[in-house]
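J.: Have a look at this prediction, sequence included:
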Amino acid sequence: MRATFVASEVGNGLRRNLTMTLAVIITVAVSLGLFGASLLVRAQVSTMKDFWYDKVEVSIFLCSKGSDTPSCAGGAVTAAQRDQIKSDLESLRPLVQEIYYESKAEAYERFKEQFRDSPIVDNVTEKALPESFRVKLADPTQYDVVASAFEGRPGIEQVNDQRKVLDKFFQILGGLQLIALLIAILMLIVTVLLIVNTMRVAAFSRRRETSIMRLVGASNFYIQLPFLLEAALAAALGAILAIGALALMKTVIVDGLLAPSFQFTAFVGWDAVLAIAPVMLITGIGLAGLAAFFTLRKYLRV
Amino acid sequence: MILFDHVTKVYPSQQRPALDDVSLEIEKGEFVFLVGPSGSGKSTMLRLVLREERPTKGQVWVLGKDLNRLSNWKIPTLRRQIGTVFQDFRLLPNKTVAENVAFALEVIGKPKSHINKVVPEVLEVVGLEGKEGRRPDELSGGEQQRVAIARAFVNRPMILIADEPTGNLDPATSVGIMKLLDRINRLGTTVVMSTHDSQIVDQMRRRVIELEGGHVVRDQSRGVYGYAQ
C-alpha cells in the first residue's frame, strides 16, 4: 500500500471531476442539514415534554351551586363526596403522585394573581370559581385512568387534563419534524443517486487507468480505494458544512430568536447538537461509501 | 506453463463456440505464434489465460493453477506473473514514458526505491533510454509499443502475452519489436503472440498454432504462417 500514490490519485480524481464533486458536497450538505434539523426538532420536542410534563396536572373541578352539568344535578358538592373523591384519588397511588386540594378561596386568590392587571377581576366573585383537586401523575400519559374513574361522577363537574393543550402543540412540532425528516430522506435518496452517477462517470472517465491496473494485477481494493475515498471525502465535506449549518441554526434561531421570546419553556442545549453531529457525519460517509462501493462493484469488475 | 484441457468457450450471446474442445500445452520458455483469421478464437484463448473469461467446458491451467478453481481475489496475483501487450498500446497519455512504466508497479504497491531502480533498467532493455520524460504522443508507434512492452516486462513475468503487437506498425518497425520480444523470450519469459503478420512468422521459425473456427487446425514447432490445407 502506497499512501502517497493513493492520495495523489484521490486528489487528481476530485480535481478532474470537480463539478460533480461540488454537486455531491452540496447535496450531502443540504440533505444532512435537513436530517440534522429534524433530529434537532425531535430533541426540542422531547426537551419540552420533559419540561412540561413535569409541570402539568390533572384538574378535577367539583360542582358549585350553579353548575349545569348532569353530574352536578344534586347541587354543590357535599363534604362526603369530596372526602370520597379524595380517598379514591389516594387509592390510585403510585400513579397519582401528588394530590392538592384547592378551595374556592384559594382559586380566587390565584385568579386574582393571574389576572392582576385585568378589569375582569372585578367581575368575578369567589363564589363563581369552582373548588378542585389538582392531581399530579407519575406518568402523565396515563391520564385516561384518572379521567375514566372520575368523569361524570356526582359532585364532579369536569376532569381537565392540561396535557391535552400541550399535545396539540407537540403534534404541530411533531408534524414539522416528520416533514423535515421526509424531505431529508428524499434528499438523501437524491444524494445516493447522485453519488452512484458520479462514481459511474468517474469510473468511466478513468477506465483506461483502471483497465491497465487490472491487467498488471492491481487488487480490487487498490483499484477501488481512490474512488471510495473520493466519495467519502466529498460526503465528509458536505457533512461538515451541514454540521456548521446546524450549529448556526442553534445559535441564531434557537438561542438568538426563540429563547429570549419564549422564556417560559426550555430549549435544546448544545449537548443535543453534539449528539446529532456524529450521527450526521456517520450517515453521510456511510451512505456515500456504500453507494460508491456497490456502484464500483458493478463497474470495476475484475 | 499453460495447459488447455478440452476447453470449450461459448459466449452468452452466441451459438457457435469461440473455442471448441481445444487441448494444447505450452512449455516454459517457448515462443508461440497464434495465427488464424479474425474470429478464429485467438483472442479468446489469450483472455482465458488471463482469466478475463472462464471456459464453458474444460480446464485452463496457468503456472500450475487450475483457473476454474482460482478464487477472484487471487486473480491479481496471477496477472502479476503475466505481462500483456496489445495492438493499441494502451498507454496513459498524460503520463511520461517512465511514469507509464512506474504506474504498473505503483498500483501493485511496490516501494518507491524499487521503482526508481527497475524502471530505468527496463527502459534500457527495450531501448528507450533518454526518452524517459517524453509523453506517448511525442513518440512513434514503435516507440509507444516499446513502452508498453517495458510496462509488461518490468515485473519480470513468467509469461508475456502479446495480442497482435505489430498490428499497427509498419514492417520495419515490426522487425524491431520482434527482436525485442525474442530477447525477452531468451531472458526466460514464455511468449505467446497472436498475429496476422505472415512475414514475421515465416522469419522467426518458432512454434505456430493455427486456429480456425475455434479448432486447432495446425500445431507445428518451427512453423510458417501459410494455412494448413
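T.: All right, it came through fine.
J.: Enumerate the residues of chain A near chain B.
T.: Within chain A, the positions near chain B by CB under 8 Å from any CB of the partner chain are A:1-2, A:5, A:208-209, A:211-220, A:222-223, A:302. Any C-beta I mention is one placed from the backbone N, CA and C, and that applies to glycine too.
J.: looking at the chain, which helix or strand is least sure?
T.: Went with chain A since none was named. helix A:120-123 (a mean of 73; mean pLDDT, DSSP states H and E).
J.: oops, chain B please
T.: Per-SSE averages on chain B (mean pLDDT, DSSP H and E): minimum helix B:198-204, a mean of 88.
J.: Quick one: neighbours of B:Lys28, just the number.
T.: 12 (other CB atoms under 10 Å in any protein chain shown).
J.: Check for me that it belongs to a helix.
T.: No. Under DSSP: H, G, I helix; E, B strand; the rest coil, B:Lys28 sits outside any helix and is assigned coil.
J.: Now it: closest residue in space, sequence neighbours ignored.
T.: Closest residue to B:Lys28 apart from its sequence neighbours, by CB to CB, 6 or more residues apart in numbering or on different chains: B:Met1 at 4.7 Å.
J.: Roughly how far does A:Met213 sit from B:Pro76?
T.: Remark: distance between A:Met213 and B:Pro76 (CB to CB, to the nearest Å) = 9 Å.
J.: Please read the previous query as pertaining to A:Gly11.
T.: 24 Å.
J.: who has more neighbours, those two?
T.: B:Pro76 (21 against 13).
J.: got a list of contacts for the helix or strand hosting the more buried one?
T.: Per DSSP states H and E: B:Pro76 is located in helix B:75-79. Residues from elsewhere that reach helix B:75-79 (CB atoms under 8 Å, 6 or more residues apart in numbering or on different chains): A:214-220, A:302, B:50-51, B:62-63, B:65, B:67, B:70, B:108.
J.: So for whichever helix in chain B runs longest, mean pLDDT?
T.: Criterion DSSP state H: the longest helix present in chain B is helix B:171-186. Averaged over helix B:171-186, pLDDT sits at 94.
J.: now it, how far from the centre of its chain.
T.: Mean C-alpha position of helix B:171-186 versus that of the full chain (CA atoms, centre = their mean, to the nearest Å) differs by 13 Å.
J.: Need the residues that contact whatever helix or strand comes next after that helix.
T.: Where DSSP H and E defines the elements, the next helix or strand beyond helix B:171-186 is strand B:190-194. Here strand B:190-194 makes contact (CB under 8 Å, 6+ apart) with B:1-2, B:26-35, B:42-43, B:45-46, B:49, B:158-165, B:181, B:184-185.
J.: Could you rerun that using 6 Å?
T.: Outside strand B:190-194, the residues that touch it by CB atoms under 6 Å, 6 or more residues apart in numbering or on different chains are B:1, B:28-34, B:42, B:159-164, B:181, B:185.
J.: Give the buried subset of these as a ChimeraX selection command.
T.: In ChimeraX, a selection of the buried entries from the contacts of strand B:190-194 looks like this (16 or more other CB atoms under 10 Å in any protein chain shown):
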select /B:1,30,31,32,33,34,42,159,160,161,162,163,164,181,185
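J.: Next step: the contacts of strand B:190-194 restricted to helices.
T.: Going by DSSP H, the helices hold B:42, B:181, B:185 from the contacts of strand B:190-194.
J.: which residues in the chain form strands?
T.: Assuming you mean chain A. Ranges of strands in chain A, per DSSP state E, are A:58-62, A:96-102, A:132-137, A:156-161.
J.: my bad, the chain I had in mind was chain B
T.: Counting by DSSP E, the strands of chain B are B:2-9, B:19-26, B:31-35, B:57-62, B:65-66, B:82-86, B:159-163, B:190-194, B:207-212, B:215-220.
J.: what comes into contact with the shortest one?
T.: Right, the one you point to is strand B:65-66. B:Gln59.
J.: can you rerun that using 7 Å?
T.: For strand B:65-66, the external contacting residues (CB atoms under 7 Å, 6 or more residues apart in numbering or on different chains) are B:59, B:78.
J.: go on, the fourth one?
T.: The contact list for strand B:57-62 (CB under 7 Å, 6+ apart) reads B:2-8, B:48-49, B:66-68, B:78.
J.: Buried ones among those?
T.: Buried among the contacts of strand B:57-62 by 16+ other CB under 10 Å: B:2-4, B:7, B:48-49, B:67, B:78.
J.: which two from these end up farthest apart in space?
T.: B:Val7 and B:Leu78 (16.8 Å; CB to CB).
J.: Quick check: chain neighbours aside, which residue is closest to the closest residue to chain B within the stretch 1-150 of chain A?
T.: Here the stretch 1-150 of chain A gets closest to chain B at one residue, A:Phe5, 4.8 Å apart by CB to the nearest CB. Spatially, and ignoring its direct neighbours in sequence, A:Phe5 is nearest to B:Glu106 (4.8 Å; CB to CB, 6+ apart).
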